[in-house]
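A.B. asks: Generate a structure from the sequence data that follows.
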Amino acid sequence: MNQKIKIISALLLIGGLLLVSGCGCKQKTGANYKVSLEVWGILDDSAAFQSIFDNFKKIDPNVSSITYKKFDSATYRQELINALASGQGPDIFVINNTWLPSFEDKLVAAPANNPQVLSLKKFQDNFVDVTAADFVDKNQIYATPLSVDSLALYYNKDLLNQAGITAPPATWGDFESDVQKMTQIDSFGNITQSGAAAGTAYNINRSTDILNLLMMQEGTQMVDSNNQPIFDSYITEPDGQNVSPAQSALDFYTQFSTAGSLYYTWNPILHYSIDAFSEGTTAMMINYSWQMATINSEAPKLNYGVAPIPQFQNGTKLDYASYWGYAVAKNKIPASSSYGVPNAAPTATDAERVTEAWKLLTYLTTKPDGTFIGSGGGMGQQANNKLDPAVQYLKATNQPAARRDLVQAQLNDPEMAPFAAGNLIDKSWRESDPNSIEAIFASMIDQVNKGQTTTSDAIQAAAQRVRQLTSNSTVSNQ
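C.D. replies: Here you go, the predicted model:
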């Protein structure tokens, strides 16, 4: 009997030790859950990310898989909204830099106090200034970028040479002068060669972005501290005169499509701006870096260059940004559960999913600083600790950098330099409904072109429409 008691006591002791040590239990810990991450984008193919994602999975054993899906830009926003509303959307998805006001309630900010997740200081140290203005709200980070793009001046070298112009214009005054020299109009009043694609709304690619640029370069404050539109406001100049910077910008822009103007060079019946430039019938156009691929495809022999965006004489240097950032979806419904599956790691909680998603974005977009090192055995030992994901991504996609250190490197790249320089002085503004506001600005330009309103009245009417739009958006998000 005593021998049996000793045996039973020994077994109980061993069992207790196993329980204390954690062996033989199915407790869910931060080290053994598994999460699958789905990423949605529109500009890039999966090949741009595959090796980066594979390396991250080796570093982070909690991430079992990362899938990337590319969408058509024309339908992406609505497909995304529908998917998020159903709870079956992606874990990570791209948002435009103007989308935060309309998407913030659908996002979860970067978790605080986690050394493997992007902090506000790290964000500000890594990226150009415009990104914080677009993606940080109340000191919380809602998205992080790989690339930032800026407007630049495309110019036809042959047409500039024929006009005796030795360098692309650096100021808007030079731009006006060069337009005069290169514009050709026949005896019937037809524009046979345009000095620049400028002045209209619907046959100029990114016309409303160009107007936004001019408005802000002129000193227009687009919104107040509460994100309410005030771009119709007047300012008092040193001589005591009240002026509307937005009206001055609209006057400047539309003069290029006003028949009889000294700088008349464009009208609504000319070919679309990118086509006209590719055909060699337009000397200059303003656009982003991604149109280089379009031009190279349409006109591989076109002798063109790209220069920094012109500035107003004695004005504050400023460019306009358009780009995408990666954000994490709030409260995604898990597609399946591993609970009850033999030998399977527990499914991650939503908080764990969010943390892993933000760890991936921190790894993907920021400068390597030793935070992510494959070590500790298992797959981690196979990771490439020298891989800089952003460098590899930019090399694969040929896009301008968002990271400050990589912007510095691109300033020495003849092709990327104009866009890199723009990234350092970029501005934008938070739009409550970017698509609707774009339509309002385009209509404003078009009405002035048709003589249906004055630039002053057009600005006032547009501001009132955007204020109403913002008010409606605020109510719907509450």
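
A.B. asks: Let me see the contact set for residue 203.
C.D. replies: The contact partners of residue 203, taken as Cβ atoms under 8 Å, 6 or more residues apart in numbering, are 268, 269, 270, 271, 272, 273. Backbone N, C-alpha and C define where each C-beta goes, glycine included.

A.B. asks: Closest to residue 417 out of those?
C.D. replies: Looking at the contacts of residue 203 and their distance to residue 417, the nearest is residue 273, at 22.7 Å (Cβ to Cβ).

A.B. asks: Now do the closest one: how many residues are near it, please.
C.D. replies: Residue 273 is flanked by 27 other residues according to other Cβ atoms under 10 Å.

A.B. asks: Relative to residue 349, how far out is the closest residue to it other than its chain neighbours?
C.D. replies: Using Cβ to Cβ, 6 or more residues apart in numbering and skipping the chain neighbours, the partner closest in space to residue 273 is residue 197 (3.6 Å). When distance is defined by Cβ to Cβ, to the nearest Å, residue 197 is 53 Å away from residue 349.

A.B. asks: Show me which of those two is the more surrounded one.
C.D. replies: Set side by side, residue 197 and residue 349 show more neighbours around residue 197, with 30 against 13, by other Cβ under 10 Å.

A.B. asks: quick one on the thing from earlier: include distance to residue 431 when you put the contacts of residue 203 into a markdown table, please.
C.D. replies: Compiled in a markdown table, these are given as follows (distance: Cβ to Cβ, whole Å):
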| residue | distance to residue 431 |
| --- | --- |
| 268 | 25 |
| 269 | 30 |
| 270 | 29 |
| 271 | 29 |
| 272 | 24 |
| 273 | 23 |
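
A.B. asks: Now for these, which sits with the most neighbours around it?
C.D. replies: Counting neighbours by other Cβ under 10 Å, residue 273 leads the contacts of residue 203 with 27 neighbours.

A.B. asks: was I right about it contacting residue 204?
C.D. replies: Yes. Between residue 273 and residue 204 a contact is recorded at 4.5 Å, counting by Cβ atoms under 8 Å.

A.B. asks: Which neighbours do the two have in common?
C.D. replies: Both residue 273 and residue 204 are in contact with 197, 285, where contact means Cβ under 8 Å, 6+ apart.

A.B. asks: ok, residue 257 touching residue 201?
C.D. replies: No. Distance between residue 257 and residue 201: 9.3 Å, which falls outside the contact criterion (Cβ under 8 Å).

A.B. asks: Model confidence for the residue nearest to residue 273, exactly?
C.D. replies: The predicted structure scores residue 197 at 98 on the pLDDT scale.

A.B. asks: what does the one 4 residues further on give?
C.D. replies: At residue 201 the predicted local confidence, pLDDT, stands at 98.

A.B. asks: change the start of the numbering to 34 and stick with it
C.D. replies: Right, with 34 as the first residue, what we last looked at is residue 234.

A.B. asks: contacting residues for it?
C.D. replies: Residue 234 sits in contact with 240, 241, 474, 475, 476, 478, 479, 482, where contact means Cβ under 8 Å, 6+ apart.

A.B. asks: Next: residue 104.
C.D. replies: Listed by Cβ under 8 Å, 6+ apart, the contact partners of residue 104 are 73, 74, 75, 112, 113.

A.B. asks: quick one on the thing from earlier: now do the shared contacts for residue 290 and residue 234.
C.D. replies: When contacts are counted by Cβ under 8 Å, 6+ apart, residue 290 and residue 234 are jointly contacted by residue 482.
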